[in-house]
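K.L.:
Please work out how this folds:
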Amino acid sequence: MTAQLLDGKALAKTMQEEVSAEIQAFKEATGVTPKLVVVRAGEDPASVSYANAIAKTCEKYGVAFELKALPESASQAEMVSLVQSLSADASVHGIMVQEPMPKGIDPAAVIAALSPAKDVDGVHPLNAGLLMEGKGDFFAPATPSGGMEILRRYNVPIKGKHAVVVGRSNIVGKPMALLLLHEHATVTICHSRTVDLGAVTRQGDILVAAVGKARLITGDMVKPGAVVIDFGVNFEDGKMVGDVDFESAKEVAGMITPVPGGTGPMTNVMLMKNVLAAAKRQVSA
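P.N.:
Modelled structure (predicted):
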């Protein structure tokens with residue numbers, strides 16, 4: 001193996017101690033326990049699994065957690081009313097609305113009911129707009145924030161580098177591109193329909209994969225010495241694999257995140273940081 005491993009699992013463990021200490025200090029100083037509420041309609045298996053994982057994470061960090069699970073038959077009006085109620089509840093500091101939502105519910109209408117001050121997943125249009133501008137206090141989605149934290153903690157130079165982001169989702173690809181741009185990288189966004197994708201990815205000093213296609217990025221698509229950040233979560237024969245073909249890419253890259261154990265463990269760490277930040281802003285407002 002030639003590439004240095006960017007160990008998100010080890011980094012998350014280190015940061016858990018840091019963030020837990022910050023949360024404890026906040027609780028002692030204010031008497032307030034940060035609280036996160038997850039809203040879901042239906043029993044999508046992936047959503048159920050993720051909510052359970054968030055609940056365990058909150059317990060580890062000393063953050064209060066509550067799940068509001070509506071039935072699959074819930075109406076849009078019911079979801080909007082619930083989110084509005086939670087947004088107005090002073091005891092709630094962070095809210096996450098899980099997708100997919102049941103048929104007939106417009107996710108945009110539900111997200112619009114969410115208080116931007118409690119939008120710890122960074123999905124409200126106001127937070128997305130502030131992220132684009134790079135101004136003010138906003139919440140960026142936890143997953144790309146975790147990728148950026150890996151780059152910072154491993155002292156990866158970003159300023160002046162060419163970053164290629166493969167993927168254009170609103171929760172990973174686009175915000176990651178903006179976060180890199182704010183750190184003065186030259187950013188190219190491409191996707192699964194980009195013609196001659198390899199010709200573009202081979203230009204990247206930093207190559208980010210967030211396209212949701214197993215092993216799409218192979219070693220011959222990586223610039224020698226590049227830093228590769230893989231956000232992919234795919235399953236092949238029951239085994240989790242990334243968007244990057246790790247075995248071939250590690251022989252070309254300079255640094256690389258594994259899957260699992262790379263960007264994934266960092267997501268919940270950054271979510272807890274967002275919940276703490278939300279609580280601090282609301283208490284001081």
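K.L.:
Just give me the neighbour total for Gly122.
P.N.:
Gly122 has 24 neighbours, counted by other Cβ atoms under 10 Å. To be clear about C-beta, it is placed using only N, CA and C from the backbone, and glycine gets the same treatment.
K.L.:
Helices of the stretch 1-150 of the chain, start to end?
P.N.:
All helices of the stretch 1-150 of the chain, identified by DSSP state H, counting those that start in this stretch, fall at 8-30, 45-61, 76-88, 107-112, 125-133, 142-153.
K.L.:
Check the offset of the first one from the chain's centre.
P.N.:
In terms of Cα atoms, centre = their mean, to the nearest Å, the centre of helix 8-30 is set 18 Å apart from its chain centre.
K.L.:
same for that helix, what does it pack against?
P.N.:
Counting contacts by 3 or more Cβ pairs under 8 Å, 6 or more residues apart in numbering; DSSP states H and E, helix 8-30 is packed against helix 45-61, helix 142-153, helix 264-284.
K.L.:
could you redo these as TSV and give each row mean neighbour count, distance to Gly238 and mean pLDDT?
P.N.:
Shown next, in TSV, are the helices and strands packed on helix 8-30 (neighbours: other Cβ atoms under 10 Å; distance: least, Cβ to Cβ, whole Å; pLDDT from 0 to 100):
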stretch	mean neighbour count	distance to Gly238	mean pLDDT
helix 45-61	15	14	92
helix 142-153	22	23	97
helix 264-284	22	17	96
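K.L.:
of the helices of the stretch 1-150 of the chain, which approaches Lys118 most closely?
P.N.:
With respect to Lys118, and counting by Cβ to Cβ, the nearest of the helices of the stretch 1-150 of the chain is helix 76-88 at 6.0 Å.
K.L.:
Any chance of the helices and strands packed on helix 8-30 in JSON lines with distance to Leu70 as columns?
P.N.:
Formatted as JSON lines, the helices and strands packed on helix 8-30 follow (distance: least, Cβ to Cβ, whole Å):
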{"stretch": "helix 45-61", "distance to Leu70": "12"}
{"stretch": "helix 142-153", "distance to Leu70": "23"}
{"stretch": "helix 264-284", "distance to Leu70": "22"}
